[in-house]
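got a sequence here, can you build the structure:
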Amino acid sequence: MVGAEIGTISRVFYNRLFRAVPSLRDTFNRTNQANGAQQRALADSVAAFASLLVTHAPTDIDPIMERIAAKHASLGVQAAHYGIVRTHLFAAIAEVLGDAITPQVAVAWHEVYTLMANSLVEQETELYRRAGVAPGDIWRRVVVTEHEYDGAHAATFHLRSVDGRPLPAFLPGQYISVRVALPDGSEQIRQYTVFPGRTSGEWAVTVKRVPGGLVSPVLCDGLGVDDHLLVSPPFGSVVDRGSEPLLLASAGVGVTMTIAALRDMQSRGDGRSVDVVHVDRTPYEQPHRTELAILVDSLPDARLHVRYTEYDEIRSDGRTPLSGLTIPGDARTYVCGPITFMRAIRSDLVASGVSPGSIHFEAFAPGSWFGLEAPPVSVD
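Sure, this is the predicted structure:
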């Protein structure tokens, strides 16, 4: 009953939450609030957690909870927030379902929420501990040392700490949050894959300018050298450092995860086999085009496969970005790009016999933790 109405409940919930605690509005992506993606993400997460709890072993839930916990940590979510959410979520359930909520149903859903919240709080507390910060106290000020336009629609920013000390180390595939003040006085937070800057102890991020976006134009066109920026510690999933073959697949600005992984391999003298697949519209629009080729050439067993055309056009004649590649059965695959691209890559890999468990994604869209089933949304 609650599951069937969770989409409506989530919409009512967010309206209630923002009326009661307006300061939380800036924590959520306003673009995704406007197009309904954030509401769908909440509905998907609660319903999927309840379903997994009933039908699967707890280990099946763990990777999903880990991804959500990392995203929450990158936003500064604290344990107290779960109490606020509980109050307004269950008020929304009562408003939508009324007398249909029996005491037994209410108790069952309170238990689901409590288990989910406790799991996330525990993991987020550990993430904060590893990052060396108090829970929720994630923001630090950095200064922009370089701003370079990178491809037709992106800009790369090199960052160092204000006091000159090295920024914290990170692992390939992790991301940082960037907190941006908007012209209307509000703030928004976005996540970007972090990769090494020009010198040791510095970070770099690449931002794609989204037409009509709230954040990316402010960064790409308004942030200059010596400007300050608020950022979080690195969080998120990590590209494996094992010995199995790698497949790194990206589209557009998703190439930054590949850049981070290849730089890590180069610095460690990692000679494992790696295939790098990248899709972009044109060479002119491809971020990190020269660096990607140089990195691949520097590794002893690496191959680069670049497709310069829109993905829909590739599929229209039967080809895919993976056409012509032989993917080893034990390969570890990491995919970063638009949701539609990642879904298609996953479909092609599974169809070719690759284990779904060896395919890893990095997606900043809400709800993309659940099998990449969420519709495409803006990540401007």
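
avg pLDDT for the longest helix seen in the chain?
Secondary structure of the chain per DSSP state H: the longest helix is helix 103-131. For helix 103-131, the mean per-residue pLDDT is 90.

give the buried residues for that helix.
109, 112-113, 116-117, 119-121, 123-124, 127-128, 131 (16 or more other CB atoms under 10 Å). Using the backbone N, CA and C atoms, a C-beta is placed for each residue, glycine as well.

helices and strands around that helix, which ones?
Judged by 3 or more CB pairs under 8 Å, 6 or more residues apart in numbering; DSSP states H and E, helix 103-131 is in contact with helix 37-55, helix 58-75, helix 79-97.

just want the angle from that helix to helix 58-75.
In terms of direction (axes from the mean of the first three to the mean of the last three CA atoms, to 10 degrees), helix 103-131 departs from helix 58-75 by 60 degrees.

chain center to helix 103-131: distance?
Remark: helix 103-131 is offset 21 Å from the chain centroid, using CA atoms, centre = their mean, to the nearest Å.

contacts for the helix or strand following that helix, please.
Where DSSP states H and E defines the elements, the next helix or strand beyond helix 103-131 is strand 140-149. Contact with strand 140-149 is made by 155-162, 167, 197-198, 202-203, 220, 223-233, as judged by CB atoms under 8 Å, 6 or more residues apart in numbering.

in helices, which of the residues you listed fall?
Judged by DSSP H, helices contain the following of the contacts of strand 140-149: Cys220.

quick one: buried ones out of the contacts of strand 140-149?
If we count by 16+ other CB under 10 Å, these have these buried: 155-161, 167, 197, 202-203, 220, 223, 229-233.

give me the neighbour count for Gly7.
By other CB atoms under 10 Å, the residues close to Gly7 number 16.

make 424 the first number, not 1, from now on.
Right, with 424 as the first residue, what we last looked at is Gly430.

distance check, it against Tyr437.
Separation of Gly430 from Tyr437 (CB to CB, to the nearest Å): 12 Å.

residues in contact with Arg726?
Going by CB under 8 Å, 6+ apart, Arg726 touches Val697, Asp698, Val699, Val719.

check whether Arg664 really touches Ala684, as I assumed.
No - look at Arg664 against Ala684 with CB atoms under 8 Å: they stay out of range, at 9.4 Å.

these two - which one has more neighbours?
Per other CB under 10 Å, whichever of Arg664 and Ala684 has more neighbours is Ala684, with 28 against 13.

contacts for the strand or helix carrying the more buried one?
Secondary structure assignment for Ala684, by DSSP H and E: helix 678-691. Where contact means CB under 8 Å, 6+ apart, the residues beyond helix 678-691 that reach it are 594-597, 615-619, 628-629, 662, 664, 669, 671, 673, 693, 695, 697, 699, 701, 709-711, 714-715, 718-719, 721-722, 725, 757, 759, 785.

can you give me the strands in the stretch 624-773 of the chain?
In the stretch 624-773 of the chain, the segments counted as strands under DSSP state E, counting those that start in this stretch are 626-631, 651-654, 669-674, 697-703, 725-731, 755-759.

winner for burial among those?
Of the strands of the stretch 624-773 of the chain, the one with the most neighbours on average (mean count of other CB atoms under 10 Å) is strand 669-674, at a mean of 27.

mind listing what it pairs with, with the direction of each?
Paired neighbours of strand 669-674 in the sheet (DSSP bridges): strand 697-703 (parallel), strand 755-759 (parallel).

who's in contact with the longest one?
Outside strand 697-703, the residues within contact range by CB under 8 Å, 6+ apart are 574, 668-675, 678, 681, 685, 688, 709, 715, 719, 722, 724-732, 734, 737, 744-745, 748, 750, 754, 760, 764.

same check on the shortest one?
If you take CB under 8 Å, 6+ apart as the criterion, strand 755-759 is touched by 596, 616, 662-663, 665, 667-674, 677-681, 684, 750, 764-765, 768-769, 772, 777, 781-786.

pLDDT on stretch 487-494, on average?
86.

same deal with stretch 617-631?
Stretch 617-631 comes out with an average pLDDT of 94.

give me the distance between the two termini of that stretch.
The straight-line separation of the ends of stretch 617-631 (CA to CA, to the nearest Å) is 14 Å.

please apply the same query to stretch 651-659.
Length of stretch 651-659, first residue to last, CA to CA: 24 Å.

what is the mean pLDDT for that stretch?
Stretch 651-659 shows an average pLDDT of 96 in the prediction.

sorry, back to before: would you mind giving the strands of the stretch 624-773 of the chain as TSV with distance to Arg448 added?
TSV is the format used below for the strands of the stretch 624-773 of the chain (distance: least, CB to CB, whole Å):
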stretch	distance to Arg448
strand 626-631	22
strand 651-654	17
strand 669-674	31
strand 697-703	35
strand 725-731	40
strand 755-759	28
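
tell me which of the ones you listed lies nearest to Phe451.
With CB to CB as the measure, strand 651-654 is the member of those nearest Phe451 (17.0 Å).

quick one: that closest one to chain centroid distance?
19 Å.

packing partners of that strand?
Packed against strand 651-654, as judged by 3+ CB pairs under 8 Å, 6+ apart, are the following elements: strand 563-572, strand 577-584, strand 598-604.

mind running it again at 10 Å?
Judged by 3 or more CB pairs under 10 Å, 6 or more residues apart in numbering; DSSP states H and E, strand 651-654 is in contact with strand 563-572, strand 577-584, strand 598-604, strand 610-616, strand 626-631.

tell me the strands beside it, with direction?
With DSSP bridges as the test, strand 651-654 is paired with strand 563-572 (antiparallel), strand 598-604 (antiparallel).

quick one: buried residues of the shortest one?
Within strand 598-604, the residues scored as buried using 16+ other CB under 10 Å are Tyr598, Ile599, Ser600, Val601, Arg602, Val603.

same check on stretch 764-780?
Quick answer for stretch 764-780 (16+ other CB under 10 Å): Phe764, Met765, Arg766, Ala767, Ile768, Arg769, Asp771, Leu772, Val777.
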